[in-house]
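1. structure for the following, please:
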Amino acid sequence: MSKFVDKLNNLSRISVAPIGFHAVKGKQEGSPMLIVADLTGMDIGSIGSIAGGDVDAGLIWEQGLGVGNIKRMIKAMEGIPFGMVIKEENKERISKIAILGCDFIVFDMKVSAEALRGEGVGKFLMVEPSLDLGLVRAINVINIDGVFINTTEESFITVEHLLVCQRFSELLNKPLIINLPSLISEAELGNLWKAGVDGVVVPPAQTMEAVAKLRGMIDNLPKGVNRKRGRLVDVALPYYTGDIAVGEEEEEEEEE
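-> A predicted model of the protein is given here:
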């Protein structure tokens, strides 16, 4: 199974100690939110330094990388999940990436359906904020592990981004990851979390200090909170809201 998918599934999970004479407080296993480092344009040495920091995964956007470069990047990550963005329809290319050791792949809706196949590799769909809500709902039925929301066209997190994330989290039962256009404040991070975001992709070439600061802000988010997905997807059964005067009818029968 994909390590990155496993981390997403363990977000804010708390292990509760067995009941007994020596019961201890539950232990926090996961994190309220994951950090994905954008590795685009970074050399092997820089990737190695990122791997020693506070990130949960690395993601490369560059297309056409050779097998050798991909393997060296994966090795430099030192066991931290490594993912790739796929923007092409070449089926052979997709199958090769899946067996190189990549932990997960991110692809858009134009990629070959071959990307939905393959075992042991996490599969994430990249969508635009303007995606039709009918298509958003349909994402629930395809074989993917989560959704990346692309916000690269903006230079900062907008109110529209928060509304989009909130809407997607209500329509989807899958984890949400958002690309950060820039580093954000603690208040902005909290707003993203409240809107249902499970992970953020930090811009490339960030210092270890900046990532560590972001990790500290994430650690201050509420822990152990189970945020229900797909609230607007649940079937609502009809119910009667009028007054039913059962008691009055029974009293009338008794008087007769």
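2. please pull out the lowest mean pLDDT helix or strand from the chain.
-> strand 14-15 (a mean of 40; mean pLDDT, DSSP states H and E).
3. may I have the beta-bridge partners of residue 127?
-> Residue 127 has these beta-bridge partners by DSSP bridges: residue 149.
4. which of the helices or strands spans residue 37?
-> Using DSSP states H and E, residue 37 falls within strand 34-38.
5. mind giving me the packing neighbours of that strand?
-> Contacts defined by 3 or more CB pairs under 8 Å, 6 or more residues apart in numbering; DSSP states H and E place strand 34-38 against helix 3-9, strand 57-60, strand 176-179, strand 199-202, helix 208-219. In short, each C-beta sits where N, CA and C put it, glycine included.
6. what pairs with it, parallel or antiparallel?
-> Strand pairing (DSSP bridges) places strand 34-38 next to strand 57-60 (parallel), strand 199-202 (parallel).
7. what's the most buried one of these?
-> Among those, judged by mean count of other CB atoms under 10 Å, the one packed with the most neighbours on average is strand 57-60 (a mean of 25).
8. enumerate the positions of the helix or strand just after that strand that are buried.
-> Tracing the chain past strand 57-60, the next element assigned as helix or strand by DSSP H and E is helix 67-76. If you call a residue buried by 16 or more other CB atoms under 10 Å, then helix 67-76 has these buried ones: 70, 73, 74, 76.
9. include distance to residue 63 when you put these into CSV, please.
-> CSV is the format used below for the buried residues of helix 67-76 (distance: CB to CB, whole Å):
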residue, distance to residue 63
70, 12
73, 14
74, 17
76, 19
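10. which two in those residues are spaced the farthest apart?
-> Maximum pairwise distance among these (CB to CB): 10.8 Å, between 70 and 76.
11. returning to what we had before: just name the most buried of the helices and strands packed on strand 34-38.
-> Highest mean neighbour count among these (mean count of other CB under 10 Å): strand 57-60, with a mean of 25.
12. mind checking the pLDDT average for that one?
-> Strand 57-60 shows an average pLDDT of 93 in the prediction.
13. and the contacts of it?
-> Contacts to strand 57-60, defined as CB atoms under 8 Å, 6 or more residues apart in numbering, come from residues 3-4, 7, 34-40, 47, 50-51, 73, 77, 80-85, 103-104, 106, 201.
14. distance of the closest residue to residue 37 other than its chain neighbours relative to residue 131?
-> Closest residue to residue 37 apart from its sequence neighbours, by CB to CB, 6 or more residues apart in numbering: residue 55 at 4.4 Å. Going from residue 55 to residue 131 by CB to CB, to the nearest Å gives 27 Å.
15. repeat for residue 1
-> Residue 1 sits 27 Å away from residue 131, going by CB to CB.
16. what of residue 111?
-> 15 Å.
17. who's more crowded, the two?
-> Neighbours were tallied for residue 111 and for residue 131 using other CB atoms under 10 Å; the higher tally belongs to residue 111 (21 against 17).
18. ok, back up a step: could the helices and strands packed on strand 34-38 go into JSON lines alongside distance to residue 96?
-> Below are the helices and strands packed on strand 34-38 laid out as JSON lines (distance: least, CB to CB, whole Å):
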{"stretch": "helix 3-9", "distance to residue 96": "20"}
{"stretch": "strand 57-60", "distance to residue 96": "15"}
{"stretch": "strand 176-179", "distance to residue 96": "24"}
{"stretch": "strand 199-202", "distance to residue 96": "24"}
{"stretch": "helix 208-219", "distance to residue 96": "30"}
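19. out of the ones you listed, nearest to residue 158?
-> Proximity to residue 158 (CB to CB) singles out strand 176-179 among the helices and strands packed on strand 34-38, at 11.7 Å.
20. so which residues make contact with that closest one?
-> Here strand 176-179 makes contact (CB under 8 Å, 6+ apart) with 34, 36, 38, 124, 146-152, 161, 165, 168-169, 192, 196-201.
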